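> 3D model of this:
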Amino acid sequence: MSWNPPTCKLAFPDRQMILSRAHIMGVVNVTPDSFSDGGMFHEQDTAIKHALRLVEEGADIIDVGGESTRPGSSSVPADEEWRRVEPVIRALERETDVPISIDTMKPEVAWKAIEAGAIMVNDVSGLRDKEMVNLVAREHVAVTIMHMLGEPKTMQENPVYRDVVKDVKDYLRDQMQVATDAGVAKDSIVIDPGIGFGKTVEHNLELINRIPDLAKLGRPVMIGASRKSFIGAITRADVTDRLEGSLAAAVMAVVRGARMLRVHDVKQTLRALKVAEAILRA
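Residues are numbered from 1 along each chain as shown. Here you go, the predicted model:
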């Protein structure tokens, strides 16, 4: 198999990122109940150190979130979500020039994060909120549009699709149109099929395998498979022991055409990709 990924551009307010290779978004969960690292980085100093460590390990973007979106989770108030993420965003803006993404569904949190230095919004609700759409358009920030079936509290309760790839692709196409109609630049959009967000194991596997179909929408595809439950279902590994499965999913996603990976283990993922890409280029 030859490997010659298409180069595309991701526009931020103050710079451009040329995606000639798979780029890494490092995950910083400042929450007490995240599915994979809940409580590990909930304290501000620990979260800041972790974020800066991911930058040192080679993350291209840091994604900071203050609300768990694990299956069955409930929403938290906007002021509490902002209290959690503010010090991390401000520290990153002060101490590094790596792009900062805010992982939130709330426009008020996204707005405060942008004022503090974030230049990307990672909206797992897929821009369902018109206020969020208008905010992204007005501030010219980059945005990840993700597919989620329902909401975190109920999304894993018997998810059903007619054709999971077609349904997800149609949703992403529609939300891209909503965004661009509101004034969001197309080259500032990343699309994410939402691995684990209202999907069975089989749905997740099919979506990763058919990334080329999603890429036909003309925007870089991001895959967030790191430590997800489908890996545990396949390997029978606990959430704290899914590194090998996460790396396998990352490599296969890139082989299938993903241009961005949202991961917890930055250093290990980069090393795996370097080997895989060297083999595919040979």
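
> Could you use CA atoms for every contact and neighbour count after this?
Will do.

> Please report the number of neighbouring residues for the residue nearest to Thr235 when sequence neighbours are not counted.
By the measure of C-alpha to C-alpha, 6 or more residues apart in numbering, the closest residue to Thr235 outside its immediate chain neighbours is Gly245, 7.3 Å from it. Residues lying near Gly245 (other C-alpha atoms under 10 Å) number 20.

> Could you measure from the nearest residue to Pro87 once chain neighbours are set aside over to Val124?
With C-alpha to C-alpha, 6+ apart as the measure, Gln44 is the residue that lies nearest to Pro87, at 6.7 Å, once sequence neighbours are left out. Gln44 sits 23 Å away from Val124 when distances are taken as C-alpha to C-alpha, to the nearest Å.

> Likewise for Leu243?
As defined by C-alpha to C-alpha, Leu243 lies at a distance of 23 Å from Val124.

> who has more neighbours, the two?
With neighbours defined as other C-alpha under 10 Å, Leu243 and Val124 compare such that Val124 has more, 22 against 18.

> Pull the contacting residues for the closest residue in space to Lys199 that isn't next to it in sequence.
The shortest distance from Lys199 to any residue that is not its chain neighbour, by C-alpha to C-alpha, 6+ apart, is 5.9 Å, and that residue is Pro159. Under the criterion of C-alpha atoms under 8 Å, 6 or more residues apart in numbering, the contact partners of Pro159 comprise Leu149, Gly198, Lys199, Thr200.

> Which strand runs longest in the chain?
In the chain, taking DSSP state E as the definition, the longest strand is strand 23-29.

> Residues contacting it, please?
Surrounding strand 23-29, the residues in contact under the criterion C-alpha under 8 Å, 6+ apart are 37-38, 41-42, 47, 50-51, 54-55, 58-68, 259-266, 270.

> can you give me the helices in the stretch 101-250 of the chain?
Remark: helices of the stretch 101-250 of the chain, listed N- to C-terminal, are 107-116, 130-139, 164-181, 201-209, 211-215, 229-235, 243-256; assignment by DSSP state H, counting those that start in this stretch.

> right, and the ones you listed - which one's nearest Pro87?
helix 107-116 (9.4 Å; C-alpha to C-alpha).

> Assumed Ala278 was part of a helix.
Yes: the assignment for Ala278 is a helix, going by DSSP: H, G, I helix; E, B strand; the rest coil.

> ok, now how distant is it from Ile18?
Relative to Ile18, Ala278 is positioned 19 Å away (C-alpha to C-alpha).

> And for Glu157?
Distance, Glu157 to Ile18, by C-alpha to C-alpha: 38 Å.

> who's more crowded, the two?
Just comparing Glu157 and Ile18: by other C-alpha under 10 Å the higher neighbour count belongs to Glu157, 15 against 12.

> what are the phi and psi angles of the residue lying closest to that one once chain neighbours are set aside?
Of all residues beyond its chain neighbours, the one nearest Glu157 is Gly198 (7.6 Å), with distances taken as C-alpha to C-alpha, 6+ apart. Gly198 has phi and psi values of phi 80, psi 50 when expressed as degrees, to the nearest 10.
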